[in-house]
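In: Below: sequence and its predicted model.
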Amino acid sequence: MVGLGAAILPDYEGSDDYSVSPIPAAIGRVSGFNFMLAGNRLSVDLIPDNFGPGIDFQAGPVAALNLNRASTKGIDDDRIKALGKRKAAIELGGYLGIAKTGVITSEFDRVSFSASYRKGVTGAHSAGIFTPTVSYLTPLSTKSIVSVFVSAERAERGYARSYFGINPQQSEDSGLPVFNARGGWKNWTLGGAGAVSLTGDLRNGLQAFGGVVYRRMLNDFAQSPVTRIAGDRDQWLGSVGLAYSF
């Protein structure tokens, strides 16, 4: 499946202003190996598996392109603009997971748990981000499917300082107070998504998809003036788009 959609996203991580951005998506299987592209993140499962009920072990690389505050053009808050731009960060790592197909509703529904760790290798930070995720997916018919997930992120100090810390010069420029951000649990997230076929079958043809996500910022990431004063610890994300399966 390949698709393209439009997402409503916070202007920056921790913002209370929102803007629209295009998002690519792709899910597929090549020679038994699964891959997934969701917005700015790509993962590949290097453990081949077959269709049908059973246990699926997962492991492979994960990569993300972090564009948080890489440009100030889309940021409405002048105080955040005054803090300056951050370089785009490439984050590389890996993940492990386990999933079971055929759980509750049919032989095709799926529950999974995964944990990933990625580290900034170039750009704004060189810190690590740990992300555990639990998800459940079930087809409602051959024409529609829904999924829900819950996840959390724990970011190291270098990440916190790059995006949520404010040094004396930045404080003078922006009017926001000095803040020494430390690492720790950054947020938890709850989301849901669905897709419906527009041509009769999700396995082949055109489909519409959409999703909504709620994210709650935690600890220093919520207490930073970037979030507490200029933004909001409650974050919402939404998306709609079209995809084609073959």
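Out: Yep, it's here.

In: How about the contacts made by the residue lying closest to Val196 once chain neighbours are set aside?
Out: The shortest distance from Val196 to any non-neighbouring residue, by CB to CB, 6 or more residues apart in numbering, is to Ser144 (4.5 Å). C-beta coordinates here come from the backbone N, C-alpha and C atoms, glycine included. For Ser144, the residues meeting the contact criterion (CB atoms under 8 Å, 6 or more residues apart in numbering) are 194-197, 202.

In: now do 10 Å
Out: Applying CB atoms under 10 Å, 6 or more residues apart in numbering, we find Ser144 in contact with 138, 194-197, 202, 207-208.

In: swap in Ile75?
Out: 10-12, 15, 17, 19, 69, 81, 83, 85, 230.

In: Which of these are buried, as a PyMOL select command?
Out: Buried members of the contacts of Ile75, identified by 16 or more other CB atoms under 10 Å, are gathered into one PyMOL selection as follows:
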select buried, resi 10+11+12+15+69+81+83+230
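
In: you'd agree His125 is in a strand?
Out: No: checked against DSSP: H, G, I helix; E, B strand; the rest coil, His125 lies outside a strand; its state is coil.

In: how many neighbours does it have?
Out: Applying the criterion other CB atoms under 10 Å, we find 25 residues in the vicinity of His125.

In: can I assume it is in contact with Ala70?
Out: No: counting by CB atoms under 10 Å, His125 does not reach Ala70; the two are 12.0 Å apart.

In: Mutual contacts of the two, please.
Out: Both His125 and Ala70 are contacted by 86-87, 89, under the criterion CB under 10 Å, 6+ apart.

In: For those, which single residue is the most surrounded?
Out: Within those, neighbour counts (other CB under 10 Å) peak at Ala89, which reaches 23 neighbours.

In: wait, what's in contact with the residue lying closest to that one once chain neighbours are set aside?
Out: Closest residue in space to Ala89, ignoring its immediate chain neighbours: Gly123 at 3.3 Å, by CB to CB, 6+ apart. By CB under 10 Å, 6+ apart, the residues touching Gly123 are 65-67, 70, 86-91, 162.

In: Look up phi and psi at Asp232.
Out: Main-chain torsions, Asp232, degrees, to the nearest 10: phi -150, psi 140.

In: what number of residues lie near it?
Out: Residues within reach of Asp232, counting by other CB under 10 Å, total 15.

In: How about it: what's its closest non-neighbour residue?
Out: By the measure of CB to CB, 6+ apart, the closest residue to Asp232 outside its immediate chain neighbours is Asp16, 3.8 Å from it.

In: wait, the one you found sits on Asp234?
Out: Yes: the pair formed by Asp16 and Asp234 meets the contact definition of CB under 10 Å, at 8.4 Å.

In: Which one of these two is surrounded by more residues?
Out: Here Asp16 and Asp234 are compared on neighbour count by other CB under 10 Å; more neighbours surround Asp16, at 16 against 12.

In: By pLDDT, rank the contacts of Ser144 and give me the bottom one.
Out: Model confidence across the contacts of Ser144 bottoms out at Leu202, which has 89.

In: and which of the contacts of Gly123 is nearest Leu218?
Out: Nearest to Leu218, judged by CB to CB, of those is Ser162 at 17.3 Å.

In: Who are the packing partners of the helix or strand the closest one falls within?
Out: Mapping Ser162 onto the secondary structure by DSSP states H and E places it in helix 157-164. Contact analysis of helix 157-164 by 3 or more CB pairs under 10 Å, 6 or more residues apart in numbering; DSSP states H and E lists strand 54-66, strand 89-101, strand 110-122, strand 128-139, strand 144-155, strand 184-197, helix 219-223, helix 225-228 as its packing neighbours.
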